[in-house]
Structures are given as structure tokens and as C-alpha cells.
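**Q** output the structure for:
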Amino acid sequence: MTIKNSTCFQHIWVSTDDKRIAIEAQKYGATVHRRPEKFARDDTPSLHAISEFLDVHRSIQDFALFQCTSVFLKTKYIQEAVRKFESHDCVFAAKRSHYLRWKVVDGELMPAEFNLSARPRRQDWQGDIVETGMFYFSRRKLVDSGLLQNSRCSIVEIAAKDSLEIDSSYDLTLAKYILSSETKSEL
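**A** Numbering: from 1, shown residues only. Next comes the predicted model:
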């Protein structure tokens, strides 16, 4: 409903190989794209599923992919993405990470992207930009060249509390807790 409530799209498609999901999507007015099983596996890259969709629907030039695992999607994020997409080839959801990252190089632990002798305080540092996976707006021409993003991208910065992705049973438990605590605080 969030995507529909944004009033930003002429068509809303649900791409699935699952009959139950298709029936549910149609109840809410979405058009269903029957995705072949080989493009609906857990290890299928999003780019392959998008390419298959665009191959079938040749008239579509611009698209937005929303991941159903991002349950805290807000209309304000969608509307901001649409505005930015007018002047960019791609727009995606991202959050700020203020963790100081480390990497192992040739068996040795080294700081990633910060200097040990000028170690920043995390609260004074702008942080890294990290994709959330919530959504991707892109153009057919990028997908046709084998890409979802390029250097002409913009981001919509998602609040940390909205950036949770449901990728495990722990994430699902956490999302349920967040939703129940938000509901209690509204009462």
C-alpha cells in the first residue's frame, strides 16, 4: 500500500513465481508478472530478474524495484527518489554507517578508509554510505549494458530505524518488536 499511496507510479507490478503472492498482489490492484522459476531463486541476482522483466515488457524504459524485505518503506522516501530520478540515471536507498571498518590484507588487519594516526571520532565523521536494498530506480539503458547503477546516481538517505531488511528470522523478530513498540507509543 505504501507504493500505491505515494501516487508516483502509473503501473505497479509484482514479479513472482508464487501463486499465493500473485493472488494477494491482485487483491491490491497490482499487475502480476509471472517470473520464471530460474529468475526467482534465492541466489538469483536482482539484475537478472530485472533483465528478464524488461525483456518481456519492451515498452518499459524506466523502473523502480522495491524489495519486499524492506518493511519500513515510507512514501516520503519514494517521493524523494522520484524527484531525484528526474535528473539522474539511477537512485537508490542508502543509510549512513558510522562504524570504523577494518579489513584483512595479506593476513594483516588494517583500517579501511581511515588513518590510524588521525583516527576520527565516530560522532564527528560523516560516515560511509551503505545501500539498504529498500529500492532502486534505474533506466533500461543501464540494465541493457549489464548495470543497475552508474556514476550518475543519487541516493535517498533512509533513517537508520527504517533501514532494517528482513533477511533472517532474527530480523523478522526485530521488525515485529519495532512495529509493536511503535504501535504502543502511538496509543
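**Q** can we go C-alpha only for contacts and neighbour counts from here?
**A** Will do.
**Q** residues in contact with the lengthiest strand in the chain?
**A** Using DSSP state E, we find that the single longest strand of the chain is strand 128-139. Taking Cα atoms under 8 Å, 6 or more residues apart in numbering as the criterion, the residues outside strand 128-139 that touch it are 61-70, 73, 81, 85, 89-98, 148-149, 158, 163-165.
**Q** going through those, which ones are buried?
**A** Burial by neighbour count, judged by 16 or more other Cα atoms under 10 Å, picks out 63-67, 69-70, 73, 81, 85, 89-96, 148-149, 158, 163-165 from the contacts of strand 128-139.
**Q** in helices only, show me these.
**A** With helices defined by DSSP state H, the entries of the buried ones among the contacts of strand 128-139 inside them are Ala81, Phe85.
**Q** the most far-flung residue of the chain relative to its centre in helix, strand or coil?
**A** When distances are taken from the C-alpha mean of the chain, Ser117 lies farthest, 35.6 Å away, according to Cα atoms, centre = their mean. Assigned with DSSP: H, G, I helix; E, B strand; the rest coil, Ser117 falls in the helix class.
**Q** sorry, back to before: list the strands paired with the longest strand of the chain, with their directions.
**A** Counting by DSSP bridges, the strands paired with strand 128-139 are strand 62-66 (antiparallel), strand 90-97 (antiparallel).
**Q** make TSV from the ones you listed and add mean pLDDT and distance to Pro45 to it.
**A** TSV is the format used below for the strands paired with strand 128-139 (pLDDT from 0 to 100; distance: least, Cα to Cα, whole Å):
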stretch	mean pLDDT	distance to Pro45
strand 62-66	97	13
strand 90-97	96	16
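**Q** could you dump the ones you listed into JSON lines and include distance to Ile129?
**A** As requested, the strands paired with strand 128-139 are arranged in JSON lines below (distance: least, Cα to Cα, whole Å):
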{"stretch": "strand 62-66", "distance to Ile129": "19"}
{"stretch": "strand 90-97", "distance to Ile129": "5"}
